[in-house]
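Colleague: Whatever this is, show me its structure:
(one chain, ligands or ions: 1)
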Amino acid sequence: MARLNILHYPDSRLRKPGLTVETVDDGVRAFIDDMLETMYAAPGIGLAATQVNVQKRIVVMDVSEEKNRPLVLVNPTLLEREGECESEEGCLSVPGYYETIQRAERIRVSALDRDGEPFELDACGLLAVCIQHEIDHLDGKLFVDYLSVLKRDRIRKKLEKQARCEARAS
Ligand code: ZN
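Modeller: This is a model prediction of the structure:
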C-alpha cells in the first residue's frame, strides 16, 4: 500500500471529470486500498480519485467514530434526493477551511463495491452529505463552488499564497 499525493484547490486537475470504471480488477482494488490508506492518514472521512489525480469514478469514505467501517463506491449514481440540510463541510483538497453548505438530507445511491458487485444504499445525515460531496469531486466540483465568488476567491488566494510559501521552503 502507498499513500497518494492529494491535490489542493485551485489545482486545475481537480476539475477533470472521472471516467466510468469498466472492470473492478486487482489493479482497481490496489488503488482503492491506497486511497483508503491516504484518507485515514490525512485524516479525512472521504476521498475521491479525482483528488489524487486519477480520473476514475471511485470514492472511499468512513464516517464511523472508530474509523473501522470503510465504504467504497465505484461508479456511484445518485438515484434519489430528498429534503434539505445545512452542515459544515471541509475537504482534504481545501485544507483549513470549513463552510456551511446546503445539501439533500436523504439520498439513495447505487454503486459497485470493492468486488465489483452492484448495490444500493440509503443514507442520511453525515453519510449523505459525504456521498454528495465525494460524487461532486468526480464531476470536477468542489464545495467552494457553492460559496459566493468573494468567499471562494479569498480561499483561493490564501491557498495559492500558502502553496508558494511551501514551494519556496522545499
Ligand atoms: Zn473533498
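Colleague: pretty sure Leu78 is touching Arg106, no?
Modeller: No: counting by Cβ atoms under 8 Å, Leu78 stays clear of Arg106, with 11.1 Å between them. Where C-beta positions appear, they are placed from N, C-alpha and C, glycine not excepted.
Colleague: which SS state does the closest residue to Asn53 other than its chain neighbours fall under?
Modeller: Excluding the flanking residues, the one nearest Asn53 by Cβ to Cβ, 6 or more residues apart in numbering is Arg13, at 5.3 Å. Judged by DSSP: H, G, I helix; E, B strand; the rest coil, the three-state class of Arg13 is helix.
Colleague: which parts of the longest strand seen in the chain are buried?
Modeller: For the chain, the strand with the greatest residue count under DSSP state E is strand 71-82. Under the neighbour-count criterion of 16 or more other Cβ atoms under 10 Å, strand 71-82 has Leu71, Val72, Leu73, Val74, Asn75, Pro76 buried.
Colleague: Pull up the pairing partners for it, direction included.
Modeller: Here strand 71-82 has these sheet partners by DSSP bridges: strand 58-61 (antiparallel), strand 106-112 (antiparallel).
Colleague: Show which residues not belonging to the next helix or strand after it make contact with it.
Modeller: Scanning forward in sequence from strand 71-82 by DSSP states H and E, the next helix or strand is strand 85-89. Residues outside strand 85-89 that contact it (Cβ atoms under 8 Å, 6 or more residues apart in numbering): 98-105, 125-126, 128-129, 133, 143.
Colleague: before we move on, what about stretch 32-47?
Modeller: For stretch 32-47, the external contacting residues (Cβ under 8 Å, 6+ apart) are 1-4, 6, 49, 52, 58-63, 67, 70, 72, 74, 92, 114, 126, 130, 133-134.
Colleague: rerun at 10 Å
Modeller: The contact list for stretch 32-47 (Cβ atoms under 10 Å, 6 or more residues apart in numbering) reads 1-6, 24, 48-49, 51-52, 54, 58-64, 67, 70-74, 90-93, 95, 113-114, 126-127, 129-131, 133-134, 137.
Colleague: Let me see the mean pLDDT of the longest strand of the chain.
Modeller: Averaging pLDDT along strand 71-82 yields 98.
Colleague: Restrict it to CA atoms and write it as PDB.
Modeller: What follows is strand 71-82, C-alpha atoms only, in PDB (Å, rounded to 0.1, in the frame of the first residue of the first chain):
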ATOM      1  CA  LEU A  71     -17.200   2.300   2.400                       C
ATOM      2  CA  VAL A  72     -16.200   2.000  -1.200                       C
ATOM      3  CA  LEU A  73     -18.300   3.400  -4.100                       C
ATOM      4  CA  VAL A  74     -17.300   2.600  -7.600                       C
ATOM      5  CA  ASN A  75     -19.300   4.400 -10.300                       C
ATOM      6  CA  PRO A  76     -21.700   5.900  -7.800                       C
ATOM      7  CA  THR A  77     -25.000   7.400  -9.100                       C
ATOM      8  CA  LEU A  78     -27.500   9.400  -7.000                       C
ATOM      9  CA  LEU A  79     -30.900   7.800  -7.600                       C
ATOM     10  CA  GLU A  80     -33.000   9.900  -5.300                       C
ATOM     11  CA  ARG A  81     -32.500  13.000  -3.200                       C
ATOM     12  CA  GLU A  82     -34.900  14.300  -0.600                       C
END
